[in-house]
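J.: no sequence for this one, just the structure:
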């Protein structure tokens, strides 16, 4: 029985699957030798590839900026609010009258 993909005119396959795989890898190596000239890509393909890389880079930069906006500004705002809270608590504790728990603000008319 012939292996799939073998033509009727070709003789019997020599060796097993490993031998065929080895022969295929050698053919690939011969085709990809550095001495052979590369096929020049069209300017359209180069342009699309460049635009794609730029969009990916821009997306990463935007992601980092959003992470900065959400995380780091939250850290700085928390530090600022904590400082303001401590300052306000110290003002209330040093206010005349002493006990701030009995002081109730009067409602606006």
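T.: Yes, it's here. Quick caveat: nothing in here was measured; it's all calculated off a predicted structure. Numbers count the residues shown, from 1 in each chain.

J.: quick one: mean pLDDT over the lengthiest helix in the chain.
T.: In the chain, assigned by DSSP state H, the helix with the most residues is helix 43-67. Computed over helix 43-67, the mean pLDDT rounds to 96.

J.: now stretch 81-99
T.: Per-residue scores along stretch 81-99 average to 83.

J.: name the element residue 86 belongs to?
T.: helix 73-93 (DSSP states H and E).

J.: can you give me the distance of the residue most central in space within the chain to residue 48?
T.: For the chain, the residue nearest the mean C-alpha position is residue 60 (6.1 Å; C-alpha atoms, centre = their mean). Distance, residue 60 to residue 48, using C-beta to C-beta, to the nearest Å: 19 Å. C-betas here are computed from N, CA, C, even on glycine.

J.: and residue 61, by the same measure?
T.: 20 Å.

J.: chain center to stretch 17-27, what's the gap?
T.: Averaging C-alpha positions (C-alpha atoms, centre = their mean, to the nearest Å) puts stretch 17-27 38 Å from its chain's average.

J.: coming back round to it: packing partners of the longest helix of the chain?
T.: Contacting helix 43-67 under the criterion 3 or more C-beta pairs under 8 Å, 6 or more residues apart in numbering; DSSP states H and E is no other helix or strand.

J.: show me what counts as buried in that helix.
T.: Residues of helix 43-67 classed as buried: none (neighbour count, 16 or more other C-beta atoms under 10 Å).

J.: lovely, talk soon.
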